[in-house]
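Trainee: here's my sequence, what's the structure:
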Amino acid sequence: QVQLVESGGGLVQPGGSLRLSCAASGFTFRNAIMSWVRQTPGKGLEWVSEINSGSSSINYAGSVKGRFTISRDNAKNTLYLQMNSLKPEDTAVYYCARGGYVTWRAIGSWGQGTQVTVSS
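Mentor: The predicted model follows:
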């Protein structure tokens with residue numbers, strides 16, 4: 001079955017960096033559009049970024065553009081999110097999800113999440 005396992009979260013000071021990873025299995029990862037989404041306390045799931053199968057099309061939410069970088073390694077079935085210049089408002093549980101901006105919610109397939117806390 002589909003498995004998405006996120007890792008790399010933690011506690012970081014404002015201005016710091018983290019790199020999240022998502023190991024995928026149970027589907028043809030190299031053909032899939034993938035996204036990162038996040039859930040902040042008291043809010044619903046928010047889309048963060050998407051990448052197409054060949055990494056030729058990448059998009060970001062305005063709140064993270066210029067600070068976050070999504071990438072993938074199809075040989076390793078792994079999705080990444082490099083997060084730089086982190087802000088307290090980036091504190092959230094981060095999930096990798098199958099699908100892009102338009103489709104991830106309808107597909108309804110994401111992992112257990114990894115907690116990112118940005119605090120001094």
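Trainee: in this protein, which spans are helices?
Mentor: Shown for the chain, the helices assigned by DSSP state H span residues 104-107.
Trainee: which non-adjacent residue is nearest Thr114?
Mentor: Closest residue to Thr114 in three dimensions, ignoring its sequence neighbours and counting by Cβ to Cβ, 6 or more residues apart in numbering: Gly9, at 3.4 Å. Bear in mind the C-beta positions are built from the backbone N, C-alpha and C, glycine included.
Trainee: can you count the residues close to that neighbour?
Mentor: Look at Gly9: counted by other Cβ atoms under 10 Å, it has 19 neighbours.
Trainee: before we move on, what about Gln13?
Mentor: Neighbours of Gln13 (other Cβ under 10 Å): 10.
Trainee: and it, what does it touch?
Mentor: Counting by Cβ atoms under 8 Å, 6 or more residues apart in numbering, Gln13 makes contact with Val118, Ser119, Ser120.
Trainee: buried subset of those residues?
Mentor: Using 16 or more other Cβ atoms under 10 Å as the burial test, those include Val118 as buried.
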